[in-house]
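[1] my questions are about this predicted structure, shown below with the sequence.
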Amino acid sequence: MDNNVRDQIERIFREVLAPLVKSDGGEMYLVRWDGDDVHVHLAGACAGCPGASMTSDSVILPAIRSLAPKARVVLTTGFRVPEGARKV
């Protein structure tokens with residue numbers, strides 16, 4: 001995935017996805033990029049929430065794939081934020 005696409009995805013995270021997650025009391029973190037994999041961590045009210053995988057599959061992944069069709073979201077949740085993760 002090239003840097004231009006990554007910048008566009010980060011913009012969608014900041015302007016669309018993170019505010020949606022925050023409206024439900026959650027926090028979104030961008031952990032890292034790994035080729036076409038985008039590692040995302042959900043914390044706050046999303047930590048351990050059974051709906052987190054639905055959020056990933058129904059909201060986060062389609063938004064990312066609109067810019068990068070081969071992208072994959074690797075989602076983690078929990079109160080402990082992975083080292084090096086950036087809050088979006």
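    Received, thanks.

[2] helix or strand right after the longest helix seen in the chain?
    Of all segments of type helix in the chain, defined using DSSP state H, the longest is helix 3-12. Counting by DSSP states H and E, the next helix or strand C-terminal to helix 3-12 is helix 18-23.

[3] now for that following helix, which elements pack on it?
    strand 26-34 (3 or more Cβ pairs under 8 Å, 6 or more residues apart in numbering; DSSP states H and E). Bear in mind the C-beta positions are built from the backbone N, C-alpha and C, glycine included.

[4] tell me the SS of residue 60?
    helix (DSSP: H, G, I helix; E, B strand; the rest coil).

[5] ditto for the one 10 residues further on
    Here residue 70 is recorded as coil under three-state DSSP.

[6] mind listing what's buried in the lowest-mean-pLDDT helix or strand in the chain?
    In the chain, the helix or strand scored least confidently by mean pLDDT, DSSP states H and E is helix 52-55, which has a mean of 88. Within helix 52-55, the residues that count as buried by 16 or more other Cβ atoms under 10 Å are 52, 55.
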